[in-house]
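K.L.:
Have a look at this prediction, sequence included:
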Amino acid sequence: MPGLIAFRRRWGIGSDDFVFPALLELFLRLVWITAISIVYSVHSDAIFECKDGRLLKAYYIGVLVLLSVTALLCASIVYVSMQGTIMITSPRKKLSKLLYLKIIITLPEIVWNILGTYWSFLQSSNCQEFVVRTVQGAVITGWVLGVIVMIGIAIVFDPLGKVHKKHDSSCSDLQSDEKSQILEGAMTAAKQAWEKRCRLLCCCILGDEQSKDAFDEISNLLADFFQDLDLVPTDIAAGLILVQKDQDKISAGCGRSYNTFTELSTSVKQPVSSPSDVPLGPANWMTSKNMHHYMNYAVGSYGWPMFMFSHLATGLCRLCGACRCQVCFTGGEVIDDNCCQCHTAAIRRQTRISDTDLVYVSFHNKIYQIPFYVAIDRGQQTVVVSVRGTLSLKDAVTDMSAESDALEMVENAVGHRGILQAAKYIKDQLLGRGILEAAFQQAQGAGLVICGHSLGAGAAALLALLLKSEYPDVRCFAYSPPGGLMSYNASVFCRDFVCSVILGKDFIPRLGLVSMEDLKAKTLQCIANSKTPKYRILMRGIWQLFCSCKDETLITENDKSILVDNEESNHSQQTLQRNISILQYQTSVYGRKLQNAIQNTIHAREQYKITHTPLYPPGQILHIQEVDTDRGCFEDPAYFAEWKDPKDFTEILVCPEMISDHFPDKVLKSLELLSAKNFTPHSRNPGPIDDTKV
């Protein structure tokens, strides 16, 4: 629902978001009441024997009364907050009054807590210890709850939430230019707020011109994306759960499963638009064994945090044996590692190479400047450049600089601005410092391999494209690359030297401006049509997340969402208008706002298709996925893989695995299992142009 209106402000929490917090507080209050009641009834004599016993007795009685009243209020808040649906808010209209009443009750609670603090810590010398401990525990619990409430208020505070009734009531009477001025002012304020949030999160980043430009670009992007949304975070979470349910229904209804690849290559039409787009076959070096081998280099680039995460039980012992000071290190130059060179030690442990084969290691990290290292692989006779993925807020800023810049190497091609800048930085380091030249002097006749994961995969692919003229035989392994990386013609151009690997429902290779607007539209439509209380939707999502159980009992059959057809926008808008007209909330203010938001989102998505060149993952793409998801908790999954086209990754699939499938350790594990079986990926079906090819 829209944010709660209280104290003439909009807050970043909805009136249906108090179910779980109020239940937790109710539980704590009841435990508190039970403990105080037992002490007061069983040990009343000991209480009167204390110094200022009457004061202590008054404290106990006052605490019991206040706790009882607060518990009743919490129960009332839980009941009221459970009523209605996300958008049907009228059954919860009394919630704000209950919150006002709870704030009034909080004032005497603070006074009583001060009284208990004074007595238990300053005037309790003549009392039995268990009486003192009981009061001290009560007052400490009270102060802890107060601190938690203050933190919660700070989190849900919306700096743009001040309600202007004058503008709201007279908005319909304003002229078009006056309305545009108000909207422009609101948009400017939103951009400034997002820029302040970005700077607060990245407070350690130097304020150079490059950083300022990046922050300005990101704040514009976020303000544009959230400008017409009057929703709170839990609304979006519930909407995503409903989107997942709809995607599962569509998948089952079409006879197509996202969980297996059974006959997928013959049942899914490939997006081939012209003979020049016919997918080229993968090169003979694009094997599961090579992918697994170089994935170790990509994982190593994350340094000791990823090594410790991947080896929780033995990581510390294994890493300590490899750490050494800079004086004892016999390899190449190491930049910005710690005094024990823990990052470099993790690289050696993960890749199993010697000190002398590490030519250059850099963990220097700024916006558009990401860590990388250069190593010599004696077994494969290659020089490996491995680029690190996202591991800091500076890397996140690079990720979110999502506008497009021209790729001069390919005609009429564009690429992700932030990642392209990072690739150019690495190229300048490699060539300007003579790093590659030094590496090839140590490994005569070796080939060049570039690899990376996530952000590193995108930078590796663009770096391979930048170095193609100097090193014609360059090869690249891009693991879980960003979806909005390069235009389709650039991706096709890279197919003979870039091999991408995508695991399951990983959302990063599907992420782009168009796919984000598409997901936004679907989420809003699911929220609009939902007739189930939000707490039940969230319970279902949490149950499925932790128990891997697709239980449909918590979602009623009334939750039938309007899905947007990605290919036919006109039909989408007609369907939208037809379905929105029957919604129960169509005459409410919130309903009209949501309808406008859905229409604006669809319009923005179509505009992005016109004004922005669609961006895709790079090169040949191997898609890996589990064959059977109904396995035991401690059983290794079985994987299957086949070659896919970049245009197959234009829709974000919502599920718990959309994040976990991106983790580098999981990608490494899947490639290890495929490599152990010497798995040969299925060939891509090139489509109707040549029916003899499979």
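P.N.:
Arrived safely. Numbers count the residues shown, from 1 in each chain.
K.L.:
Every contact and neighbour count from this point should use C-alpha atoms.
P.N.:
OK.
K.L.:
mind listing the strands for the stretch 401-550 of the chain?
P.N.:
Listed in chain order, the strands of the stretch 401-550 of the chain (DSSP state E, counting those that start in this stretch) span 404-407, 413-416, 447-453, 475-479, 486-487, 498-503.
K.L.:
Save those as a markdown table, and put in distance to residue 391, mean pLDDT and mean neighbour count too.
P.N.:
Below are the strands of the stretch 401-550 of the chain laid out as a markdown table (distance: least, C-alpha to C-alpha, whole Å; pLDDT from 0 to 100; neighbours: other C-alpha atoms under 10 Å):
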| stretch | distance to residue 391 | mean pLDDT | mean neighbour count |
| --- | --- | --- | --- |
| strand 404-407 | 23 | 90 | 18 |
| strand 413-416 | 19 | 93 | 25 |
| strand 447-453 | 11 | 96 | 27 |
| strand 475-479 | 15 | 96 | 31 |
| strand 486-487 | 22 | 94 | 27 |
| strand 498-503 | 19 | 96 | 28 |
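K.L.:
out of the ones you listed, which comes closest to residue 374?
P.N.:
In terms of C-alpha to C-alpha, the element of the strands of the stretch 401-550 of the chain nearest to residue 374 is strand 447-453, at 9.2 Å.
K.L.:
And the contacts of that closest one?
P.N.:
If you take C-alpha atoms under 8 Å, 6 or more residues apart in numbering as the criterion, strand 447-453 is touched by 294-295, 297-299, 301, 381-389, 457-461, 463-464, 471, 473-481, 664.
K.L.:
how does it look with 6 Å?
P.N.:
Residues outside strand 447-453 that contact it (C-alpha atoms under 6 Å, 6 or more residues apart in numbering) are 298, 382-387, 389, 460, 474-480.
K.L.:
would CSV of the strands of the stretch 401-550 of the chain with distance to residue 73 be doable?
P.N.:
Output for the strands of the stretch 401-550 of the chain, formatted as CSV (distance: least, C-alpha to C-alpha, whole Å):
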stretch, distance to residue 73
strand 404-407, 54
strand 413-416, 52
strand 447-453, 51
strand 475-479, 52
strand 486-487, 56
strand 498-503, 48
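K.L.:
wait, which of those strands is closest to residue 376?
P.N.:
Counting by C-alpha to C-alpha, residue 376 lies closest to strand 447-453 out of the strands of the stretch 401-550 of the chain; the figure is 9.6 Å.
K.L.:
Parallel or antiparallel, list what pairs with that closest one.
P.N.:
Here strand 447-453 is paired, per DSSP bridges, with strand 382-387 (parallel), strand 475-479 (parallel).
K.L.:
what's the next secondary structure element after the first one?
P.N.:
Next in sequence after strand 382-387, counting helices and strands by DSSP states H and E, comes helix 393-400.
K.L.:
what is the rounded mean pLDDT of that following helix?
P.N.:
When pLDDT is averaged along helix 393-400, the result is 86.
K.L.:
Stretch 617-634 now?
P.N.:
80.
K.L.:
How about stretch 509-522?
P.N.:
85.
K.L.:
Which residues does it contact?
P.N.:
Contacts of stretch 509-522 (C-alpha under 6 Å, 6+ apart): 481-484, 563, 598, 601, 605, 649-652.
K.L.:
Just the CA atoms from that stretch would do, formatted as CSV, please.
P.N.:
Provided in CSV are the C-alpha atoms of stretch 509-522 (Å, rounded to 0.1, in the frame of the first residue of the first chain):
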residue,chain,number,x,y,z
PRO,A,509,22.7,-11.6,-16.9
ARG,A,510,19.0,-10.6,-17.4
LEU,A,511,19.4,-7.2,-15.9
GLY,A,512,18.9,-4.2,-18.1
LEU,A,513,16.9,-1.0,-18.3
VAL,A,514,14.1,-2.6,-20.4
SER,A,515,13.9,-5.7,-18.2
MET,A,516,13.8,-3.6,-15.1
GLU,A,517,10.9,-1.6,-16.4
ASP,A,518,9.2,-4.8,-17.5
LEU,A,519,9.6,-6.3,-14.0
LYS,A,520,8.4,-3.1,-12.5
ALA,A,521,5.2,-3.2,-14.6
LYS,A,522,4.6,-6.9,-13.7
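K.L.:
The contacts of stretch 509-522: which two are farthest apart?
P.N.:
Greatest spacing in the contacts of stretch 509-522, by C-alpha to C-alpha: 481 and 598 (29.6 Å).
K.L.:
So between the two, which is more surrounded?
P.N.:
Taking other C-alpha atoms under 10 Å, residue 481 and residue 598 do not tie; residue 481 has more neighbours (32 against 25).
K.L.:
Now do the phi/psi pair for that one.
P.N.:
phi -70, psi 160 (degrees, to the nearest 10).
K.L.:
picking up where we left off before, please identify which of the strands paired with strand 447-453 is closest to residue 3.
P.N.:
Nearest of the strands paired with strand 447-453 (C-alpha to C-alpha): strand 475-479, 39.4 Å.
K.L.:
That closest one vs strand 498-503, what angle?
P.N.:
Between strand 475-479 and strand 498-503, the angle comes out at 20 degrees (axes from the mean of the first three to the mean of the last three C-alpha atoms, to 10 degrees).
K.L.:
can you list the residues that contact strand 475-479?
P.N.:
Residues outside strand 475-479 that contact it (C-alpha under 6 Å, 6+ apart) are 449-453, 457, 497-501.
K.L.:
Can I get that strand as CSV, trimmed to CA atoms?
P.N.:
The C-alpha trace of strand 475-479 is given here as CSV (Å, rounded to 0.1, in the frame of the first residue of the first chain):
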residue,chain,number,x,y,z
ARG,A,475,40.2,-15.7,-25.5
CYS,A,476,37.7,-14.7,-22.8
PHE,A,477,35.7,-16.6,-20.2
ALA,A,478,32.9,-14.4,-18.8
TYR,A,479,31.1,-16.0,-15.8
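K.L.:
and residue 482, how many residues sit next to it?
P.N.:
Counted with other C-alpha under 10 Å, residue 482 comes out at 30.
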